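S.K.: Give the three-dimensional model of this entry:
(chains A, B and C)
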Amino acid sequence: MRSRSIIGIAPLLAPVHVLILSVIVLPSLYVVWLSLNESSFGQAPTFVGLQNYIDVITDPAFRSALWNTVVLVVVAVHIELALGLGMALLFAGGLPFRRFLLVAVLAPYAVSEVIAVVMWRFLFDPDVGPVTLMLQSMGLPILDWSFEPSHAMILIALLTIWLHLPFTFIILYAARLAIPSDLYEAARIDGATAWQAFKRVTLPLLGPAIVVALLFRYIFAFRLFSEVWLLTQGGPARSTEVVAVYLYQEAFSYNAFGTAAATAWIMVLASLLLGAGYVFILRRQVSANANA
Amino acid sequence: MRTRNLLAAIGKTVAVVAMLFWSLFPIVFIVMSSLKPGQDIFAVPPRYVFEPTFEHYVSLWQQWGAFFDGLLNSTIITAGATVIAIAGSTFAGYVYSRNSSRMLDASVLFLIVVRLIPPIVVTLPLFPIVNVLGLNDTHAIMMVLYATFFVSLGTVLMRTFIDQIPRELDEAAEIDGAGRLTVLRRVIVPLAAPGILAVAVFVVVFAWNEYLFAFIFTSTRAKTAPLVISEMIGSIDGVDWGILFAASTVQLAPVLLFVVFMNRYLVAGLTAGATKG
Amino acid sequence: MNDRNIIALSRRGFLGTALGGIAALATQPSWAASKTLNVLSHKVHQTVLGADGGDLLADWKASNDADVFWTTFDSNPLQDRLFREASLGSTDYSVGYMIDNRPTSEIAALFEPLDDYLASDPIEDFQDIAPGLVDGMTVDGKLIGIPVRHATQGLFYNEELLQEAGIDAPPTTLEELVEQARKLTFTSSAGTPVVGMVLASDLAVFPVMFARAFGGDFITGDFQLMPDKDAMVKGLTVLREMFEAGALPRSYATTRNDDQVTWLQQGRAAFTVLPFARNAQLNNPEQSKYPGKIKAVEFPISAELKGKMPMSSIVEAWAMVIPKNAADKDLAWNFIKEVSSKRATLGMALNGNGPVRVSTYAEPDLVAKNPLAEVEAAVLANARGAFPPFPEAARAQGIMLEEVQLAVLGRKPVAEAVDAIVERVTPLMPA
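M.R.: Residues are numbered from 1 along each chain as shown, chains lettered A, B, ... in the order given. Next up, the predicted model:
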């Protein structure tokens, strides 16, 4: 019986695993080999050990890229979380035209990064951008993103938040809907204020969803590339470069495949580290479900 | 108390308006600008009232035939990737839902870990491999790539959805003498349709919009629409923003409508995908 | 949700997809020719051959029963793609376009030496093609590319804006240029805020031009790094001061090459530095608010050197190459021969290409259509590339631009930035 069932399930599992092995896993391992060699176009690879990793880690440009990535991830993801949470509670509190509003809020999910950059770059154009002009006419300071690196980072963060808020929002909204309404009823009968109900009921029960949303967004925000590349190309003077852009520069501008591969593996390791936290929580949940 | 309610209502309205503005303004603006006559796009201050014109769409049609080829390629690739991802995910999700062993659990964990690898990592080594196989610049390789980056999520999603189908149903079918494939076709697929649609939304949005892989692995025959748009941005002839906005609108409209119509499945998929692995 | 709903949804979705598919199919061109030549180039190389309407290759296509399929990218991604294709087992691309500061020995080895082709099946009057450009494509004694386009940088100005500011002649020294650019940082009668000058910050061309106005350079043809540091300091100081005075846009750090074109066309900038061949586009009445008013002169040298030495402007050249692993090299050579012919060179020049043949400048058609031909020919006589090819050239350019941006934006004193360039680029120089 057992052997028959393995024979029975293998063909059904094969497509997924063959795809993943051949497209993701084996090439990733090949990247390890690349990262231990020095190579470029028309130049045969020579083994250099861990030198590429040392070169990358000691490169000030890499460190500043790493720092920028961390800042962007931390800032953007937490703002997303706050906004997403606020919106989830707003929706859960009951809204007219809920379905329409939900669809409107989801809309940015459908937008390609290329097009999102076209939009935002034009909206915030320092000279003709409609948002810039609006801010100016109201006497507010404009986002001087083409000059101030910190302002450029703000624009990148805005763009990232815009593209990914639907994701964070939906996770939190679904989790909020899953909270049984009698818990709120009970809190109300006990005389709890709205704030107390939020603190005692909503927050603790949303906890796992919040952590999941955070970790997911950390992992995905760490890959951030197109927004930065198409908006500032990492400038002015590489001050807004992120790790994926650094990787791109090494690989595709300087054709230094060894250091590019080393950077790639540093990215993989960082993602796995973040992911370990996620898997840990997930397994705890799975075993909790199993025990329930 | 009355004023407080009023304040709350006002606050809520402001919040809703802000939310709508935030989500829709950039999209509306780009669509609107694509209909503005030539130099009005750059007009200072911007014009919100204007006589709409399709001149940019006409120019797009005349000057950028490649863009429409790109749309066709995007359509073919998106359709293919979706079929592959759905088939793979449904088969594997069914197995994971109905069987359990230490090996299988470990391989689910493996699927989750695979999702953590940033796609940019594999672009470097895949290029020569794809070329040796003679698959460079084909629809097939793009379908495979896009499907692969979603089968892990898709499998976990399908497992979640199939878990909700009572086992008694497939057991009943098996007693009637149905094989695994028959059970899949007759019982699982019809009942797991919302899950299939959820997977479809993810793959369609990803495959339709993706840029990096298309840039590396296609050149002439399989070039997708986002790639052509990026060429428009990079063209040395100076950017014609009107045509760019028109192309962006054409690229955006179908996927936006798709997400609007499929929003239930997107919500279901995002929720299940994140909380169940 | 109920099942009926799902079916209705998917049917609607299916219908939409099918309609889209049919509509897209209808746009597919039908291929009649039996052979296809795949070309990897910049969009501009395709455009100058007159893809819409007057196709310069129509006869060639008919007599060879071949069609040309273009894949176009922006300059840097194009070079990357070309080298990647050429380093594979085989490639579909039989012709690629390469910039003259890219062919190092390693890169050149990926491309077919063309000397034998040239000997057995010669290009029409090959001696006519500027020898300097041919030299640039000769690596380790082998000719690997046939020059097809050059872009010689000139100073473009908006005559109408100059007159508005009471200036009746374009500058003849760098100092005059700076002064005029400052004056032209104003609000024009059209109500548009104007900056004196617009320059892209991602190309070495512009800072190098300013250094050359003082007799300096970045990396010379014989691989000397910054032979005259003072000149570089002076050049960058001028840029820095222009930026401080608002005579360069505040968005300098994100300004790209195509922004220069739109800013000039829109009357948002009075001066810019662009290839002379851009003249037609800048004055195109469909795009420009100032058709016929945008003119060009030689980029001016500093007052201290005026009359003592000629200004050495920057020229960048493109050449057609054949990857060693190409599928159809004979057809590729045939194509190159046709594009290099006198007829095609003139035709492309009329479409805004910088012609590589000396004789083309004397063609009456071009003289009539391109008022800048004479100025350009004079500038070209003293022009040379921004820097020579070497393995780490791209990285060296990146470092230089990073430091230049820091200096221009005022985040680092100019002298310090120049020292940093020397310090950081020295280890990258070829031994």
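
S.K.: Adjacent strands (with direction) for the host helix or strand of C:Thr272?
M.R.: If you go by DSSP states H and E, C:Thr272 is part of strand C:269-275. Under the criterion DSSP bridges, strand C:269-275 sits next to strand C:145-158 (antiparallel), strand C:195-198 (parallel) in its sheet.

S.K.: What's the first helix or strand after that strand?
M.R.: helix C:279-282.

S.K.: quick one: average pLDDT of that next one?
M.R.: For helix C:279-282, mean pLDDT is 85.

S.K.: Name the residues of it that are buried.
M.R.: For helix C:279-282, the buried set under the neighbour-count rule, 16 or more other Cβ atoms under 10 Å in any protein chain shown, comprises C:Asn279, C:Gln281, C:Leu282. Where you see a C-beta, it was placed from the backbone N, CA and C, and this is true even at glycine.

S.K.: go on, stretch C:254-267?
M.R.: For stretch C:254-267, burial by neighbour count (16+ other Cβ under 10 Å) applies to C:254-267.

S.K.: ok, is it in contact with chain A or not?
M.R.: Yes: Stretch C:254-267 reaches chain A (Cβ under 8 Å from any Cβ of the partner chain) through C:Thr254, C:Thr255.

S.K.: For that stretch, what is the distance to the chain centroid?
M.R.: 14 Å (Cα atoms, centre = their mean, to the nearest Å).

S.K.: Just put the buried residues of helix C:279-282 in TSV and tack on distance to C:Ile314.
M.R.: Shown next, in TSV, are these (distance: Cβ to Cβ, whole Å):
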residue	distance to C:Ile314
C:Asn279	17
C:Gln281	19
C:Leu282	18
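
S.K.: Would you mind identifying the next helix or strand past the helix or strand hosting B:Val16?
M.R.: When elements are assigned from DSSP H and E, B:Val16 belongs to helix B:2-33. Going down the chain from helix B:2-33, the next helix or strand is helix B:55-63, by DSSP H and E.

S.K.: Give me the contact status of that next one with chain C.
M.R.: Yes: Helix B:55-63 comes into contact with chain C (Cβ under 8 Å from any Cβ), by way of B:Gln62, B:Gln63.

S.K.: How about that helix, which residues are buried there?
M.R.: Quick answer for helix B:55-63 (16+ other Cβ under 10 Å): B:Glu55, B:His56, B:Tyr57, B:Ser59, B:Leu60, B:Trp61, B:Gln63.

S.K.: Equivalent analysis for stretch C:81-96, please.
M.R.: For stretch C:81-96, by 16+ other Cβ under 10 Å, it's C:81-88, C:91-96.

S.K.: domain assignment for chain C?
M.R.: C:35-151+C:315-382, C:152-314+C:387-428 (automatic domain parsing).

S.K.: picking up where we left off before, next, the angle helix B:55-63 makes with the helix holding B:Val16.
M.R.: Between helix B:2-33 and helix B:55-63, the angle comes out at 40 degrees (axes from the mean of the first three to the mean of the last three Cα atoms, to 10 degrees).

S.K.: for helix B:2-33, packing partners?
M.R.: Here helix B:2-33 touches helix A:60-92, helix A:98-106, helix A:113-123, helix A:149-177, helix B:241-261, going by 3 or more Cβ pairs under 8 Å, 6 or more residues apart in numbering or on different chains; DSSP states H and E.

S.K.: buried stuff in the fourth one?
M.R.: Buried residues in helix A:149-177, counted by 16+ other Cβ under 10 Å: A:149, A:151-176.

S.K.: Which members of these additionally contact chain C?
M.R.: Subset of these in contact with chain C: A:Ala152, counting by Cβ under 8 Å from any Cβ.
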